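> Requesting a structural model of the entry that follows:
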Amino acid sequence: MIEPAVRVELFRSAPAQPRRYLLGTIVSASVQLAQRFKCALCYINAMIRKHLAATAALLALVFGLSAVAAQGSNPAARQSKPTPAAPSSASPGTPAQSVPASSGEESSGAGNSSASSTPCQGAGCENPTPHITIATPAPAPAPWPLQERISWVANLILVLYVVFGVTLAQFLLRKVERQGHYAEVAAQAAVESSKAVLVYAQSLAAADRPWVLVTAETVPGVPDKFNIVATNRGHGPARIVSVVDEIASAGDDSKLPPTPVYKNEPQPLASSDILLPGESVGIKSFSRDEVSAVCETPEQLQLVEAWVEKIYLYGNVTYQDLRATDGTQPHETSWCCWYIHGRQKSGMVAAGPPAYNRHT
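Sure thing, here's the model as predicted:
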């Protein structure tokens, strides 16, 4: 890539035609550089989306394995087992004795006899009757199966791997983001450089173009006569396309029409229509003797002599750069002068509103 200082030196040292070719080369190179930076930004965006997709897939895999592990750790076989019945206090060899049912009278009699035979059965007795209570033993804990141990270790390793992967992905994304910011800054700098080169190219083109200016000059040796002269003040040759002029009288500049009004159509020059840099050509002449022809009545002539009314000469020159290709928009120069009618001598100076002194 060409450095900015080298570009300026090349533009200064190159002639007119090769300079434009070099200018086009620099502008095209700047545009290609901006396109390359744009491709780099698109690649960085694709890498960021790829890492985000990988992270989402890892998280989905972790959640799926966790659900499978949860289903394996709660099988239907690990339901609560029935509690075994409490053993009987009687000896296994002794058969159970059956107690026959008796009538109501016998029961009440037996109750009275037992109540009379038992010394004390209440809570306040000194010697309560001893009794035996058999508690159900707690079930033994089931052993941890080897499959569940392997599943737990695998889930732990997977969680650690996911945490490490997410941390690494965040680090990479931050690094890619910084690189993308640097690339964006570089691309913006390339765009600004391209704009600067374009502005410089436009300034060079404007400096090399022709500039036709119109002035009023006195005719040497002829008193009170003036020539309207078009001079090429630019650095390139110009070709006069057409000229048009008009004479009007008004009280001052504000009394003129907002835009110039021409009664005649633009006509090409009768003399040479090509102006090299520094050359001039006359487009109109005016003298003191023509004032009476401009004024329609003697009263208007008196107003002109008293400076109540002014005589304005204005017109337009259309020209084109001789080096321009077909279809290029031509340039225009509008001019306006005030004829000063004195008692003994006359003069002519530039005047008129901005619409009458326009340059393109």
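> Confirm that residue 191 sits in a helix.
Yes - counting by DSSP: H, G, I helix; E, B strand; the rest coil, residue 191 falls inside a helix.
> Please report the distance of it from residue 35.
To residue 35, residue 191 is 11 Å away according to Cβ to Cβ, to the nearest Å. The way it works is simple: take the backbone N, C-alpha and C, and place the C-beta from them, glycine included.
> Settle it for me: which of the two has more neighbours?
Ranked by neighbour count (other Cβ atoms under 10 Å), residue 191 and residue 35 place residue 191 first, with 16 against 12.
> distance of the more buried one from residue 197?
Applying Cβ to Cβ to residue 191 and residue 197 gives a distance of 11 Å.
> and what of residue 182?
23 Å.
> do residue 265 as well
Distance from residue 265 to residue 197, by Cβ to Cβ: 43 Å.
> ok, now residue 243?
37 Å.
> Spell out the residue ranges of the helices in the stretch 151-300 of the chain.
291-294, 298-305 (DSSP state H, counting those that start in this stretch).
> Any chance of JSON lines for the ones you listed, columns mean neighbour count?
Formatted as JSON lines, the helices of the stretch 151-300 of the chain follow (neighbours: other Cβ atoms under 10 Å):
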{"stretch": "helix 291-294", "mean neighbour count": "14"}
{"stretch": "helix 298-305", "mean neighbour count": "14"}
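> out of those helices, which comes closest to residue 324?
For residue 324, the closest of those is helix 291-294, at 37.9 Å, according to Cβ to Cβ.
> how about the helices of the stretch 151-300 of the chain in JSON lines, adding distance to residue 146 and mean pLDDT?
Output for the helices of the stretch 151-300 of the chain, formatted as JSON lines (distance: least, Cβ to Cβ, whole Å; pLDDT from 0 to 100):
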{"stretch": "helix 291-294", "distance to residue 146": "122", "mean pLDDT": "84"}
{"stretch": "helix 298-305", "distance to residue 146": "123", "mean pLDDT": "85"}
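> Any idea which of the ones you listed gets closest to residue 157?
helix 291-294 (106.5 Å).
> Residue 182 and residue 197: which is more packed in?
Per other Cβ under 10 Å, whichever of residue 182 and residue 197 has more neighbours is residue 197, with 20 against 10.
> Could I get the CA-only coordinates of stretch 281-291 as CSV?
Output in CSV follows, covering the C-alpha atoms of stretch 281-291 (Å, rounded to 0.1, in the frame of the first residue of the first chain):
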residue,chain,number,x,y,z
VAL,A,281,-11.4,37.3,-26.1
GLY,A,282,-13.8,40.2,-26.3
ILE,A,283,-17.5,39.4,-26.2
LYS,A,284,-19.1,42.9,-26.2
SER,A,285,-18.2,46.6,-26.4
PHE,A,286,-20.1,49.7,-25.2
SER,A,287,-19.4,53.4,-25.5
ARG,A,288,-20.8,56.7,-24.4
ASP,A,289,-22.4,57.3,-27.8
GLU,A,290,-24.7,54.3,-27.3
VAL,A,291,-26.4,55.7,-24.2
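> Pretty sure residue 47 sits against residue 175.
No - applying Cβ atoms under 8 Å as the test, residue 47 and residue 175 come out as separate, 10.5 Å apart.
> Of those two, which one has the most company?
A direct count of neighbours by other Cβ under 10 Å for residue 47 and residue 175 places residue 47 higher, at 15 against 10.
> backbone phi and psi for that one, please?
Here is the backbone geometry of residue 47 (degrees, to the nearest 10): phi -60, psi -40.
> any idea how far it is from residue 207?
Distance of residue 47 to residue 207, given as Cβ to Cβ: 47 Å.
> Kindly report the same for residue 335.
The value you get for residue 335 to residue 207, if Cβ to Cβ is used, is 23 Å.
> So which of those two has more stuff around it?
Ranked by neighbour count (other Cβ under 10 Å), residue 335 and residue 207 place residue 335 first, with 26 against 11.
> mind checking which helix or strand that one is in?
Residue 335 belongs to strand 331-341 when assigned by DSSP states H and E.
> Buried residues, that strand. List them.
Buried residues in strand 331-341, counted by 16 or more other Cβ atoms under 10 Å: 331, 333, 334, 335, 336, 337, 338, 339, 341.
> name the helices or strands packed onto that strand?
When contacts are defined as 3 or more Cβ pairs under 8 Å, 6 or more residues apart in numbering; DSSP states H and E, strand 331-341 packs onto strand 212-218, strand 225-232, strand 310-321, strand 346-350.
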